[in-house]
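Novice: Need coordinates for the below:
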Amino acid sequence: MTVVIPAEVVSELVAETHEIPVLFEDEWLLVVNKPAGMPVHPSRGHSAGTLVHALLGHGLAGGEGFRPGVVHRLDKDTTGLLVVAKSVEVHRRLVAMMRHRAVDRRYLALVHGSFSADSGTIEAPVGRDPIRRKSMIIGGVGAREARTHFRVLERLGDFTLVEARLETGRTHQIRVHFLAIGHPVAGDPTYSRRDALGLGRQFLHSYRLSFTHPMTGEELETEASLPADLATVLERLRKEGRQPGC
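Specialist: Residues are numbered from 1 along each chain as shown. Coordinates of the predicted model:
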C-alpha cells in the first residue's frame with residue numbers, strides 16, 4: 001500500500017509588526033539578530049509570528065515562496081545572526097556562498113562537562129532519527145557529512161563555554177555534535193536530559209557572521225551580544241566560580 005502524505009499548505013504571507021534588531025541593511029540584503037522563540041519561516045504549526053512575517057516589509061526576495069529571502073536558518077529557540085536576501089540574484093549568490101563555505105558562522109554554546117583539549121573538530125554525518133522524527137542523530141536517515149570546529153573560551157565548573165564554527169550547516173548540527181562527544185548543550189530540551197540551570201531553552205547563540213558582500217565585494221562582519229537570559233546565567237556561573245573555596 002502506498003501512503004501519500006499531503007503537501008504542507010502555507011497560507012499567504014502577511015507582514016506583521018515585531019521588533020527585530022537589524023545590524024546591517026542595504027538595497028540587496030540585511031543581517032538581523034533573531035530573538036528566542038521565533039521560527040525563521042512558516043511551517044506546520046507556525047503559520048504566523050515568524051521572522052519572515054516580521055521582515056516582509058523590508059522587501060525579501062529569492063528562494064521558496066513561503067520563506068522569501070531565507071538563506072540559512074536557526075532553530076526556533078536559538079538566537080542570533082542571520083543574513084536575508086532582498087533579491088533573487090542575491091539569494092542565489094548567498095546560497096552558493098553557503099554551499100562553498102564562504103560564510104563564516106560562529107556560535108557561543110554553553111555545554112555540559114569539561115574538555116581536556118582547548119580546541120577540536122567534530123566530524124560525523126548527521127541525519128534524521130528514524131524513531132523521533134523531529135530529532136537528528138549521528139548517522140540516521142539521509143545522513144550528510146557534517147563538521148564543527150570548536151575552541152574552549154571558559155571553563156565554568158560543570159560547564160564549558162565554547163565557540164563553535166560551522167563548516168557545514170545541517171539541522172541541529174551543533175546540538176547533535178556536542179551530544180555525540182558527551183557534552184550536550186545546556187538547557188537543550190531535545191538533546192540534554194536535564195536543565196540544571198533553569199534556562200528553559202538551549203544555550204546557543206549565533207554571535208558572529210562574516211562574509212564578502214555578494215554584490216559590492218565589501219567585507220562584512222557583524223556581531224551580536226548574548227541575549228539577557230543567557231548572559232545572566234553565564235554571569236551567575238562566573239560568580240559561583242569566584243566564591244571562596246570553589
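Novice: Pull the contacting residues for residue 27.
Specialist: Residue 27 makes contacts with residue 86, as judged by CB atoms under 8 Å, 6 or more residues apart in numbering. For glycine as for every other residue, the C-beta is placed from the backbone atoms N, C-alpha and C.
Novice: Where does pLDDT dip in the chain?
Specialist: By pLDDT under 70, the weakly predicted segments of the chain are 1-11, 45-46, 242-246.
Novice: Find the residue at the geometric middle of it.
Specialist: With distances taken as CA atoms, centre = their mean, residue 74 lies nearest the centre of the chain, 3.3 Å away.
Novice: Doesn't that one belong to a helix?
Specialist: No: assigned with DSSP: H, G, I helix; E, B strand; the rest coil, residue 74 falls outside any helix and is coil.
Novice: Quick check, it in contact with residue 80.
Specialist: Yes: counting by CB atoms under 8 Å, residue 74 does reach residue 80; the two are 6.3 Å apart.
Novice: overlap in contacts of those two?
Specialist: 34, 206.
Novice: Spell out the secondary structure type for residue 202.
Specialist: coil.
Novice: ok, what's across the strand from the closest residue to residue 141 other than its chain neighbours?
Specialist: Once flanking residues are discounted, residue 141 sits nearest to residue 128: 4.1 Å by CB to CB, 6 or more residues apart in numbering. Going by DSSP bridges, residue 128 is paired in beta bridges with residue 136, residue 141.
Novice: elements contacting the strand or helix carrying residue 33?
Specialist: Here residue 33, judged by DSSP states H and E, is contained in strand 29-34. If you count contacts as 3 or more CB pairs under 8 Å, 6 or more residues apart in numbering; DSSP states H and E, strand 29-34 packs onto strand 22-25, helix 51-55, strand 79-85.
Novice: Reformat these as TSV; add distance to residue 34.
Specialist: Formatted as TSV, those follow (distance: least, CB to CB, whole Å):
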stretch	distance to residue 34
strand 22-25	11
helix 51-55	6
strand 79-85	6
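Novice: Most tightly packed of these?
Specialist: Ranked by average neighbour count under the criterion mean count of other CB atoms under 10 Å, the helices and strands packed on strand 29-34 are headed by strand 79-85 at a mean of 26.
Novice: ok now whichever helix or strand comes after that one, how far from the chain's centre?
Specialist: Using DSSP H and E, the next helix or strand after strand 79-85 towards the C-terminus is helix 88-99. Taking the mean of its C-alpha atoms, helix 88-99 sits 18 Å from the chain's own mean (CA atoms, centre = their mean, to the nearest Å).
Novice: mind listing what's buried in helix 88-99?
Specialist: When neighbours are counted by 16 or more other CB atoms under 10 Å, the buried residues of helix 88-99 are found to be 90, 91, 93, 94, 95, 97, 98.
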